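A.B. asks: no sequence on this one, just coordinates:
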């Protein structure tokens, strides 16, 4: 299931709800919580930072491999090239006041998903997250 949103300005909630409504999504509440949080972080990063003023597109999709029960969530945009996986993980032993701003969202995604991969291909950022469901 795929859909392209254009423009993406002020459409974070709509994009997130589209992904969460996918028939590929599991019904288990605890698993859905992890998936939703990861999706929210990834979508918000694209909407906020990929394009100047949010004027651009974001293509999102899900796929469930019924044999392995691996759910794949993909986000593709043509915004500024940015690999979120190159960011250092925040030092969560520090208090919120002592930590540097940023990086916590992708850190949470890395902890909640089984894998997260980034590639830049044909002028597109492609973020792929997988989870065994």
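C.D. replies: On my side now, so go ahead. Because the structure is predicted, anything quoted here is derived from the model rather than measured.
A.B. asks: OK, contacts around the residue most central in space within the chain?
C.D. replies: Geometric centre of the chain, nearest residue: residue 42, 2.7 Å, by CA atoms, centre = their mean. Residue 42 makes contacts with 73, 75, 109, 127, 129, as judged by CB atoms under 8 Å, 6 or more residues apart in numbering. Bear in mind the C-beta positions are built from the backbone N, C-alpha and C, glycine included.
A.B. asks: And residue 68, by the same measure?
C.D. replies: residue 132.
A.B. asks: tell me the phi and psi of it?
C.D. replies: As for residue 68, its main-chain torsions (degrees, to the nearest 10) stand at phi -90, psi -10.
A.B. asks: And it, how far from residue 116?
C.D. replies: With distances taken as CB to CB, to the nearest Å, residue 68 is found 17 Å from residue 116.
A.B. asks: Repeat that for residue 70.
C.D. replies: 13 Å.
A.B. asks: Need the residues touching each of the two.
C.D. replies: By CB under 8 Å, 6+ apart, the residues touching both residue 70 and residue 116 are residue 130.
A.B. asks: Looking at those two, which is more packed in?
C.D. replies: Neighbours were counted for residue 70 and for residue 116 using other CB atoms under 10 Å; residue 116 has more, 19 against 15.
A.B. asks: On the strand side of things, show who that one bridges to.
C.D. replies: Going by DSSP bridges, residue 116 is paired in beta bridges with residue 129.
A.B. asks: where along the protein do the helices fall?
C.D. replies: 12-20, 29-49, 104-112 (DSSP state H).
A.B. asks: would you turn the ones you listed into TSV with mean pLDDT?
C.D. replies: Formatted as TSV, the helices of the chain follow (pLDDT from 0 to 100):
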stretch	mean pLDDT
helix 12-20	98
helix 29-49	94
helix 104-112	81
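A.B. asks: How many residues are close by the closest residue in space to residue 18 that isn't next to it in sequence?
C.D. replies: Excluding the flanking residues, the one nearest residue 18 by CB to CB, 6 or more residues apart in numbering is residue 3, at 5.8 Å. Applying other CB under 10 Å, we find 13 residues neighbouring residue 3.
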